[in-house]
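Enquirer: Okay, predicted coordinates and the sequence, questions at the end:
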Amino acid sequence: MAQRIRSWVLGMVRRARSDGGMTTSEYAVGTIAACAFAAVLYKVVTSPPVMTALQSLLKDALDAKF
């Protein structure tokens, strides 16, 4: 049983290592997706309702009585 498990694990490791990595086009698509996500996140965080909520949260945290 232990030999079977070991054989299975070694097979999985070989399959995982067989991929040479991402190609240039995959890097480009990944970079564009990351930039698009960052732009959407920036727009959300800098929107007036979110800014008001963050300012209120920080004000309450700084005015807390200990």
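Expert: Received, thanks. Numbers count the residues shown, from 1 in each chain.
Enquirer: Can you identify the element that follows the helix or strand that Q3 is a member of toward the C-terminus?
Expert: Secondary structure assignment for Q3, by DSSP states H and E: helix 2-17. Once the chain leaves helix 2-17, the next helix or strand it forms, by DSSP H and E, is helix 24-45.
Enquirer: what packs against that following helix?
Expert: If contacts are counted by 3 or more CB pairs under 8 Å, 6 or more residues apart in numbering; DSSP states H and E, helix 24-45 sits against helix 48-62. Where you see a C-beta, it was placed from the backbone N, CA and C, and this is true even at glycine.
Enquirer: Not counting the helix holding Q3 itself, show me its contacts.
Expert: With contact meaning CB atoms under 8 Å, 6 or more residues apart in numbering, helix 2-17 is reached by no other residue.
Enquirer: what residue lies at the spatial centre of this protein?
Expert: The centre of the chain sits closest to A34, judged by CA atoms, centre = their mean, with a distance of 9.0 Å.
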